[in-house]
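Undergrad: The sequence and its predicted three-dimensional model are supplied below.
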Amino acid sequence: MNEKANEFAPYIAGLVRRERARRQQQRERAARALEAARAAADLLRQRYGVTRVRVFGSVRHPERFHERSDIDLAVEGLASIDYLRAWALVNYPGSEFKIDLVTECRPAIWQRAEQEGVEL
């Protein structure tokens, strides 16, 4: 039995290394996403007079933030006539992340943004 374990040890070590590297990349991507969220919040305040921005969702949990995750921003004070222009501003071509602007939604989603979100 010990011989079998030794036979597979290099493969197991390789799997462990790859998983550690994947988790590190995931944490780094989540950190970049948080910076992108802060930049988007600043732009929304400057260009559209947004009064409040909270980041919530998977970006707040780096262990769950994967390569297809987006950034969820709860936004207050954005006029509905400006929504599409604001969305296009923060989702510019070539940006690394898709940003969802949540302005009106079910109360449960607002409650989640209030509870787990962070003011930017």
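TA: The structure has been received and is ready for your questions. Numbers count the residues shown, from 1 in each chain.

Undergrad: burial count for residue 39?
TA: By other Cβ atoms under 10 Å, 13 other residues sit near residue 39. Any C-beta I mention is one placed from the backbone N, CA and C, and that applies to glycine too.

Undergrad: ok, now which ones touch it?
TA: If a contact means Cβ atoms under 8 Å, 6 or more residues apart in numbering, then residue 39 has no contacts.

Undergrad: Assign a three-state SS to the closest residue to residue 61 other than its chain neighbours, would you?
TA: Spatially, and ignoring its direct neighbours in sequence, residue 61 is nearest to residue 30 (7.9 Å; Cβ to Cβ, 6 or more residues apart in numbering). Assigned with DSSP: H, G, I helix; E, B strand; the rest coil, residue 30 falls in the helix class.

Undergrad: I'd like to know how many residues surround residue 14.
TA: What residue 14 shows, counting by other Cβ under 10 Å, is a neighbour count of 10.

Undergrad: what's the helix or strand for it?
TA: For residue 14, the host element (DSSP states H and E) is helix 2-48.

Undergrad: Looking at that helix now, give me its mean pLDDT.
TA: Helix 2-48 shows a mean pLDDT of 86.

Undergrad: now that helix, how far from the chain's geometric center?
TA: Counting by Cα atoms, centre = their mean, to the nearest Å, helix 2-48 is centred 13 Å from the centre of its parent chain.
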